[in-house]
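Colleague: Attaching a predicted model along with its sequence, questions to come.
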Amino acid sequence: MRILEGEGVTKYFGGLAAISNVGFHVDQGEIVGLIGPNGAGKTTLFNLISAALVLNSGVIKFKGEKISGLKPHQVCRAGVARTFQSVKIFGNIPVLGNVLLGSLFGTSTGMSSADAAREAMESLEFVGLSTMRATPAKDLTLANQKRLEVARALATQPDLLLIDELIAGLNPTETAQAMELVTRIRDRGITILMIEHVMKAIMSICDRIIVLHHGEKIAEGTPQEITASKTVVEVYLGDQAYAGS
Ligand SMILES: Nc1ncnc2c1ncn2[C@@H]1O[C@H](COP(=O)(O)OP(=O)(O)O)[C@@H](O)[C@H]1O
Ligand SMILES: [Mg+2]
């Protein structure tokens, strides 16, 4: 089943088309990677899906229903959660409080505070942060702040999770742990669309990859097909190989 689909999705910033007539889909249960050079429009596409930005034209559907035009909280309650490229946590609030915001305000049915607290603790345990629940979020390492955002997103009980650069800035051990976390989330039945620059990670974990360049979709396929694509190697992977990442 198509859990997410976009048609003709277009977003201008002034005269610049950050996303230009992009069509895409994600099937239920998939892990789909969204890659492309800096400025390609990846985060903008996430902002359009999550309704942080309003598109200029096109349509985005979730489970067959149009979600473009909804407000961010409505998209979240419909079952689409996200994390942010540059973490957006409440630094002075304890870890548990950050996750409670997800379970209290992000779920479709609304929860009693007891249920929201239980859900928040479960999410923290799932990402491995339960022992740090009382720590102010700003005191966590970057890797743990990224996990905290995942926990907050999971606490909204999503069917689709959008992950924006979970691995950027992490060391090899943290990277392996982050990839393992993504796999466990999918094993829970949550579909994943993830933006990532670390090719080794994305190639090993994704069922399918979509490549953006200058706001346009230039390729789509299995990791093998993408690695073999001349266009993708020219505009993106060539640089990556050169940079040794
Ligand atoms: N809020 C904004 N206002 C103006 N320009 C923006 C805004 N957000 C992104 N852009 C521009 O849109 C393009 C795509 O950005 P972005 O989606 O962040 O790329 P990526 O995530 O692929 O690196 C870039 O040229 C960026 O400078
Ligand atoms: Mg980005």
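Modeller: Everything's here; your move. Ligands and ions are numbered 1, 2, ... in the order given.

Colleague: show me where the chain has strands.
Modeller: Using DSSP state E, the strands of the chain run over residues 2-13, 16-27, 31-35, 57-62, 65-66, 80-82, 160-164, 191-195, 208-213, 216-221.

Colleague: what's the closest of these to A153?
Modeller: For A153, the closest of the strands of the chain is strand 80-82, at 3.7 Å, according to CB to CB. C-beta coordinates here come from the backbone N, C-alpha and C atoms, glycine included.

Colleague: Name the strands paired with that closest one and say parallel or antiparallel.
Modeller: strand 160-164 (parallel) (DSSP bridges).

Colleague: Give me the residues contacting the partner strand.
Modeller: 3-4, 26, 42-43, 46, 49-50, 62, 79-85, 150, 153-154, 182, 185, 190-196 (CB atoms under 8 Å, 6 or more residues apart in numbering).

Colleague: Keep only these that also lie close to ligand 1.
Modeller: When contact is defined as CB under 6 Å from any ligand atom, those meet ligand 1 at 42-43.

Colleague: just the buried members of the contacts of strand 160-164?
Modeller: 3-4, 26, 42-43, 46, 49-50, 62, 79-84, 150, 153-154, 182, 185, 190-196 (16 or more other CB atoms under 10 Å).

Colleague: if we can go back for a sec, if we look at ligand 2, which of the contacts of strand 160-164 are close to it?
Modeller: The overlap between the contacts of strand 160-164 and the neighbours of ligand 2 (CB under 5 Å from the ion) comes to 42-43, 85.

Colleague: Can you tell me which of those end up in helices?
Modeller: Judged by DSSP state H, these include 42-43 as members of helices.

Colleague: Pipe the ones next to ligand 2 among the contacts of strand 160-164 into CSV and attach pLDDT and distance to L96 per row.
Modeller: Compiled in CSV, these are given as follows (pLDDT from 0 to 100; distance: CB to CB, whole Å):
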residue, pLDDT, distance to L96
K42, 98, 31
T43, 98, 28
Q85, 93, 24
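
Colleague: now the ones next to ligand 2 among the contacts of strand 160-164 in TSV, with distance to E122?
Modeller: Below are these laid out as TSV (distance: CB to CB, whole Å):
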residue	distance to E122
K42	30
T43	29
Q85	26
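
Colleague: ok, of the ones next to ligand 2 among the contacts of strand 160-164, which one's closest to ligand 2?
Modeller: T43 (3.2 Å; CB to the ion).

Colleague: which non-adjacent residue is nearest that closest one?
Modeller: Nearest non-adjacent residue to T43, counting by CB to CB, 6 or more residues apart in numbering: Q85, 5.5 Å away.
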